[in-house]
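1. task: produce atomic coordinates for the following.
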Amino acid sequence: MSKLTGKMKNAVVLLSGGVDSTTILHYVRKKLGIRRVYALSFLYGQKHFRELAMAKWQAKAVNVAEHRVIDLSFFGELIAGSSALTDKSISVPDLKKLEKSQKRQPPTYVPNRNMVFIALAAAYAEAKGVQDVFYGAQAQDEYGYWDCTVDFVRKINDVLRLNRCKAIRVNAPFAGLCKTAVVKTGLELGVDYTHTWSCYCGGKKPCGTCPSCVEREKAFLVLKGE
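-> Just a heads-up that it's a prediction; the model follows:
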């Protein structure tokens, strides 16, 4: 996780429309006071593409300078057979049914998704004259992804510093934090979480049993003291 130093005038935020990325968006605008924010969202073949409607709502709520939804529909086909989030033939598992070995990298992992998104965000930022990119990497309570770790962020920045003229910096202030801590931060910032989407299944209503649904509910229950 990179250390946030100096006064930032602008930033690019990866915005999925979920809890973590929405909290990052508000954190950048309200906590860091960055006035000019560019938000990037992606349609990559995900079953839960309704999250993009939430991303649009949140982007408007904080008055971003620009919100772009990038069509990467081909990505789901490219990685066919590898992820429950993009392949209709693979069911999204209930968190309680995941074996211990699966929790290290569950079926909901999307191959190199974050690296692809960050690479595109870095290109976009460089073109816009923006140095800082933010994304909502967060330490899951019961399962994890390698591309959401502090080590991943640090090494991505090592690569980006190779840029001789306009090195982009990736910031992940919530890397290493649990979902409860993220939600607590968001509530303090006035985030309206009714306009976020977490469920991986892509239905009209949250399933309540997939890893993302369970972790979201747990975070709010903990904060309520239940």
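
2. kindly export the least confident helix or strand in the chain by mean pLDDT (C-alpha atoms) in PDB.
-> Sorting the helices and strands of the chain by mean pLDDT, DSSP states H and E puts helix 100-103 at the bottom, at a mean of 88. Extracted in PDB, the C-alpha atoms of helix 100-103 (Å, rounded to 0.1, in the frame of the first residue of the first chain):
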ATOM      1  CA  LYS A 100     -10.500 -24.400   3.400                       C
ATOM      2  CA  SER A 101      -8.300 -24.800   0.300                       C
ATOM      3  CA  GLN A 102     -10.700 -22.800  -1.900                       C
ATOM      4  CA  LYS A 103     -10.800 -19.900   0.500                       C
END
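
3. may I ask you to name the longest strand in this structure?
-> strand 36-43 (DSSP state E).

4. what residues sit buried inside stretch 186-197?
-> Buried residues in stretch 186-197, counted by 16 or more other C-beta atoms under 10 Å: 186, 191, 193, 195-197. To be clear about C-beta, it is placed using only N, CA and C from the backbone, and glycine gets the same treatment.

5. and the helices in the chain, which stretches?
-> 19-26, 51-61, 74-78, 100-103, 113-128, 150-160, 179-188, 211-224 (DSSP state H).

6. out of the ones you listed, which is the most enclosed?
-> Greatest average neighbour count among the helices of the chain goes to helix 19-26 (a mean of 26), per mean count of other C-beta atoms under 10 Å.

7. tilt between it and strand 36-43?
-> Angle between the axes of helix 19-26 and strand 36-43 is 160 degrees (criterion: axes from the mean of the first three to the mean of the last three C-alpha atoms, to 10 degrees).

8. for this protein, what are the low-confidence residue spans?
-> Low-confidence segments of the chain (pLDDT under 70): 1-6, 141-142, 226.

9. residues contacting the nearest residue to D147 once chain neighbours are set aside?
-> Spatial nearest neighbour of D147, excluding adjacent residues (C-beta to C-beta, 6 or more residues apart in numbering): N114 at 3.9 Å. Contacts for N114 (C-beta atoms under 8 Å, 6 or more residues apart in numbering) come out as 135, 137, 145, 147-148, 152.

10. check the contact between I24 and P173; I expect there is one.
-> Yes. Between I24 and P173 there is a contact under C-beta atoms under 8 Å: 7.2 Å.

11. now the common contact residues for the two.
-> In contact with both I24 and P173: F134, using C-beta under 8 Å, 6+ apart.
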